[in-house]
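Engineer: build me a model from this:
(2 chains)
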2 protein chains.
Amino acid sequence: MDILRQRILEEGRCLDGGILKVDSFVNHQLDPQLVMQIGEEFERRFAHLNINKIITVEASGIAPALMTGYRMKLPVVFAKKKQPSTMVAGFYQTEVTSFTKHRSYPMIISKEYLKSEENILFIDDFLAHGNAARGIIDICRQAGATIAGMGFMVEKSFQQGGYWLRQRGYLVESLAIIDSLEGNRITLR
Amino acid sequence: MDILRQRILEEGRCLDGGILKVDSFVNHQLDPQLVMQIGEEFERRFAHLNINKIITVEASGIAPALMTGYRMKLPVVFAKKKQPSTMVAGFYQTEVTSFTKHRSYPMIISKEYLKSEENILFIDDFLAHGNAARGIIDICRQAGATIAGMGFMVEKSFQQGGYWLRQRGYLVESLAIIDSLEGNRITLR
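Structural biologist: Model prediction:
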């Protein structure tokens, strides 16, 4: 997706430890026109899969998932990282470790919004070690739901999430793939 | 906004303590088509104000703010509730008390994405006691930015946020106004 690649090269900044910061257009500050184009691209890649619901994780997954849901005319559920006091029905829960944030967090989806007959598309901003994806896999397993595909705005191929997911047969589509951040320089595939 | 009012009446659920749960279409699960209509309605109400940036608060404000930004062709900045490890530049910070969640949280916006010359539209899902709005007012004061308007999907008129903001001269537009949740029954204006 050329426009996304171009924005990453122009505005992305590398931090030590293999972290890419794209705060100016997909996290903290959002460019809604770009996010709509991202939704259109995910629609193109996943339209054939008979998906009935999109799942993402708060907060930075919400924007691309919402636009993808708008284009595909599907509801979007975002997993929460804290149990809300208003979540009165039962819920599925798992524990996720974030390498970027050096901490673990719970990932929670209400049983009301994830059912065994559902065919899920998981959308997120970054695929690095794949820990959020593994959390969603675990939650969908608990619910008995099927994961039809996974779409990421940016994949870091030098971390192991994409390899791990594809090895297990998941259909993974990434709109921009970063092969290296060595020397704090962005190398796109 | 009739379609939003209808969804609130059909799908909203009251919890004790004056809490309205609309998890099935604007929080936890999102209906992207409805959220786009909400963005269009905010565009109609605020188009004349020469706004150059939309601000919201993660996580539940992101969806309506993103669609409003898409319609108005404006960038969207979402305030964070934790300092990300990747936020290397300076930031504005304030402390917000959430009545629903019975806790305080920091509200943080990077200095990169909020400047003194900016004319801000604040968008959020709920206006109750107005604490998130007060946090944004404090952060914009620190930055020297102007708040041109505030748009909320749902206002609870029996709590004091709307009164407090309008008394101080803020332009507040709410797409649905709830006058009472007494007896756990939703009374819309």
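
Engineer: at the geometric centre of chain A, which residue do we find?
Structural biologist: Chain A has residue A:124 as the residue nearest its centroid, 1.3 Å off, counting by C-alpha atoms, centre = their mean.

Engineer: assign it to helix, strand or coil.
Structural biologist: Under DSSP: H, G, I helix; E, B strand; the rest coil, residue A:124 falls in the strand class.

Engineer: go through chain A and flag its longest strand.
Structural biologist: strand A:146-156 (DSSP state E).

Engineer: is any residue of stretch A:2-9 near chain B?
Structural biologist: No - judged by C-beta under 8 Å from any C-beta of the partner chain, stretch A:2-9 and chain B are separated, with a smallest distance of 12.7 Å. (C-beta placed from N, C-alpha, C; glycine too.)

Engineer: what residues of that stretch count as buried?
Structural biologist: By neighbour count on 16 or more other C-beta atoms under 10 Å in any protein chain shown, the buried set for stretch A:2-9 is A:4, A:5, A:7, A:8.

Engineer: CA atoms only: put that stretch into PDB for me.
Structural biologist: Extracted C-alpha coordinates of stretch A:2-9, given in PDB (Å, rounded to 0.1, in the frame of the first residue of the first chain):
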ATOM      1  CA  ASP A   2       2.100   2.800  -1.400                       C
ATOM      2  CA  ILE A   3       0.600   5.700   0.400                       C
ATOM      3  CA  LEU A   4       1.100   4.100   3.800                       C
ATOM      4  CA  ARG A   5       4.700   3.100   3.000                       C
ATOM      5  CA  GLN A   6       5.400   6.700   1.900                       C
ATOM      6  CA  ARG A   7       3.900   8.100   5.200                       C
ATOM      7  CA  ILE A   8       6.000   5.600   7.200                       C
ATOM      8  CA  LEU A   9       9.200   6.700   5.500                       C
END
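
Engineer: which residues touch it?
Structural biologist: Stretch A:2-9 has contacts (C-beta atoms under 8 Å, 6 or more residues apart in numbering or on different chains) with A:20, A:22, A:25, A:31, A:34, A:37-38, A:153-154, A:175-176, A:178, A:186, A:188.

Engineer: picking that back up, how much space separates the residue nearest to the centre of chain A from residue A:20?
Structural biologist: Applying C-beta to C-beta, to the nearest Å, the value for residue A:124 to residue A:20 is 14 Å.

Engineer: which secondary structure elements does the longest strand of chain A contact?
Structural biologist: Here strand A:146-156 touches helix A:2-11, helix A:32-46, helix A:62-72, strand A:119-127, helix A:131-143, helix A:161-167, strand A:172-180, going by 3 or more C-beta pairs under 8 Å, 6 or more residues apart in numbering or on different chains; DSSP states H and E.

Engineer: how far does that strand sit from its chain's centre?
Structural biologist: Offset of strand A:146-156 from its chain centre (C-alpha atoms, centre = their mean, to the nearest Å): 6 Å.

Engineer: tell me which residues of it come out buried.
Structural biologist: Applying a neighbour-count criterion of 16+ other C-beta under 10 Å, one finds A:147, A:148, A:149, A:150, A:151, A:152, A:153, A:154, A:155, A:156 buried in strand A:146-156.

Engineer: repeat for stretch A:71-81
Structural biologist: A:71, A:72, A:74, A:75, A:76, A:77, A:78, A:79, A:80, A:81.

Engineer: of these, which are in range of chain B?
Structural biologist: Near chain B, by the rule C-beta under 8 Å from any C-beta, you find A:74, A:75, A:76, A:77, A:78, A:80 out of these.
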